[in-house]
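> the following block contains a protein sequence and its predicted model.
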Amino acid sequence: MNNNSLKKKLDFPVIIIPCVLVAVLCILFFVFPEKSNEAFAIINPIFRDKLGLTYLFVNLGGFILAFYLAFSRFGKIVLGDPGDKPAHSFFSWGAMMFCCGLAGDILFYSFTEWTNYVQEPYIQSLGDPFHVSNAYSMFFWSNYWLYLVISVCFAFVIFVRKRNRQKFSEVLRPVLKKQTDGILGKIIDVFSVFVIVCAVTCSICFSLPVITTCLNSLCGIPNTAATTVIVILIVCVLYTTSVLRGIKGINLLSKICIYVFFFLVAYIFLFGGESRYILESSFKQLGILFDKLPFMFTDIDPTRTSTFVQDYCVFYDAYWLTWVITVPYFIAIISKGMTVKQVILGGLLFAVPGGLLGFLVIPNYGMAQQLLHGVDILGIYNETGDIYNVISTTISTLPLAKVVMAILILSMVCFCATSFDSISLSCSYYSYKNIDRNDTPAKRVRFFWAVVLSLFPIALISANAPYDNLQNVAVLAGFPAAILFVLCVISFIKDAGKYLHEDPGKLTEATQAAAE
């Protein structure tokens, strides 16, 4: 494809405006850090405190809606043509779906999150803080239903309605109508890409220092900004290579990631010497989780006697809603030929247990060291304030600690690469004015996004600029994302309901073919 032909197909405002906005914000946060902190000190309470109930309501609604869509008449809709079968095996699909939405966050927080929660007075008031804290962690990291609900909305538009305008605003066409092609639709599409770039930048900045900390413990490599930049470049090369190969490359890397992750978890469980404690604690924590599940969904503190709900419950709901902007699109494009029910239930059966496994084994191993063996992980964290030291301290207690450290590094690299290659591909599709559902974005476009998504974190880390406020921007975006979530659902139910009345016989035929 020649340059002129490609340029005509690209939607430059959707490509350029978000990148410029993120660049401007990065510069402002670097030049005016105190003013930025003051601004967010005013803005954050509005969204977390005054509007916090909105996030909780949407998360609970998304959970209920996921099962409604799966078991209602909508669950039988095949995301494709009659006779289409799933494009990927369940394991391949599940691996890509699981990896695309987690980056390295699942490993980072499974090692560290409990150290924050057990010291919270609110958690201590609910029972044994060690067990209650991990029950909350499992709840916070199981919200895949939000991704899956929106992914079927995208897949319906792409594979059933066969629309070539593959953008977030296109999913909202039944609600926005003509405004989809106007300024409102453009604003939504620019906002979507802007949030993606912010979220990815923050994820890289927070996750990859885990690798540099481990490298320092493993072989004495200085834990500096330069080391982190080199690590980012290595990850960039890996996921750029993957995304240039398209879905096949992402599929391969996702499988490797899954194997390495499960090997790491299995090693800690089998050879860490704490199998009994992990099993018994997991059994108890799952009981707490299921017992308190309705409470966790609706946990809000009207009297504001504690900040836990605003700091964590509202934060995580906003966090997931922010990623709803990007992750569901990738899940949609790998779900051709599946039914709505298969996508939702298959996603929940693969992603939720996978995430729970990590949060049952890794935190409980760390807690065992704290409670049974006198390894004062909490004391080390409180004294140094360095959350990354929690990870290196925990791993140092394992047999063959340096080998485990190397496996953790490999797992982190794989998780980050598999997440960012899928996001790069999603951004590449968003970059086109129109693109056929069977076409793949040009390699130049995929390469562009792979590089851009690395440049911002490299710039922030190299300049030693604060990136907490960029994370604040991404999380604040969770509120408009919640509105878009609701509009997406309304649009899908409206359009899918119309589709079900168009040709019931065609639907039955397609459903039978998918089942076969």
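Received the coordinates, thanks.

> select the longest helix from this structure.
Counting residues, the longest helix in the chain under DSSP state H turns out to be helix 340-372.

> what's the helix or strand following it packed up against?
Per DSSP states H and E, the first helix or strand lying C-terminal to helix 340-372 is helix 377-384. Secondary-structure packing of helix 377-384 (3 or more C-beta pairs under 8 Å, 6 or more residues apart in numbering; DSSP states H and E): helix 105-117, helix 340-372, helix 387-396. The way it works is simple: take the backbone N, C-alpha and C, and place the C-beta from them, glycine included.

> redo those as JSON lines? Include mean neighbour count and distance to Ile230.
Formatted as JSON lines, these follow (neighbours: other C-beta atoms under 10 Å; distance: least, C-beta to C-beta, whole Å):
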{"stretch": "helix 105-117", "mean neighbour count": "22", "distance to Ile230": "19"}
{"stretch": "helix 340-372", "mean neighbour count": "22", "distance to Ile230": "27"}
{"stretch": "helix 387-396", "mean neighbour count": "21", "distance to Ile230": "17"}
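
> which one of those lies closest to Gln124?
Evaluated with C-beta to C-beta, the helices and strands packed on helix 377-384 place helix 105-117 nearest to Gln124, the distance being 9.5 Å.

> now the closest one - C-alpha only, PDB.
Output in PDB follows, covering the C-alpha atoms of helix 105-117 (Å, rounded to 0.1, in the frame of the first residue of the first chain):
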ATOM      1  CA  ASP A 105      -0.200  -5.500  37.400                       C
ATOM      2  CA  ILE A 106      -1.400  -9.000  38.500                       C
ATOM      3  CA  LEU A 107       2.100 -10.000  39.600                       C
ATOM      4  CA  PHE A 108       3.000  -6.600  41.100                       C
ATOM      5  CA  TYR A 109      -0.100  -6.400  43.200                       C
ATOM      6  CA  SER A 110      -0.200 -10.100  44.200                       C
ATOM      7  CA  PHE A 111       3.100  -9.700  45.900                       C
ATOM      8  CA  THR A 112       2.500  -6.300  47.400                       C
ATOM      9  CA  GLU A 113      -1.200  -5.400  47.900                       C
ATOM     10  CA  TRP A 114      -1.800  -7.200  51.100                       C
ATOM     11  CA  THR A 115       0.900  -5.100  52.900                       C
ATOM     12  CA  ASN A 116      -1.300  -2.000  52.400                       C
ATOM     13  CA  TYR A 117      -4.600  -3.600  53.300                       C
END
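
> pLDDT of that helix, averaged?
The predicted model gives helix 105-117 an average pLDDT of 88.

> same deal with stretch 85-93?
If you average the pLDDT values across stretch 85-93, you get 88.

> quick one: buried residues of it?
Taking 16 or more other C-beta atoms under 10 Å as the neighbour-count basis, stretch 85-93 is seen to contain the buried residues 86, 88, 92-93.

> out of the residues you listed, which are inside helices?
Per DSSP H, the subset of the buried residues of stretch 85-93 in helices is 92-93.

> gap between Phe261 and Val58?
29 Å (C-beta to C-beta, to the nearest Å).

> now do Gln342
Distance of Gln342 to Val58, computed by C-beta to C-beta: 24 Å.

> centre of the chain to the longest helix of the chain, how far?
Its chain's C-alpha centre and that of helix 340-372 lie 15 Å apart, by C-alpha atoms, centre = their mean, to the nearest Å.

> run a quick neighbour tally on Cys414.
Applying other C-beta atoms under 10 Å, we find 24 residues neighbouring Cys414.

> cool, His373 as well?
His373 has 11 nearby residues by other C-beta under 10 Å.

> the helix or strand containing Leu65 vs helix 340-372, what angle?
Secondary structure assigned from DSSP H and E places Leu65 in helix 52-71. In terms of direction (axes from the mean of the first three to the mean of the last three C-alpha atoms, to 10 degrees), helix 52-71 departs from helix 340-372 by 130 degrees.
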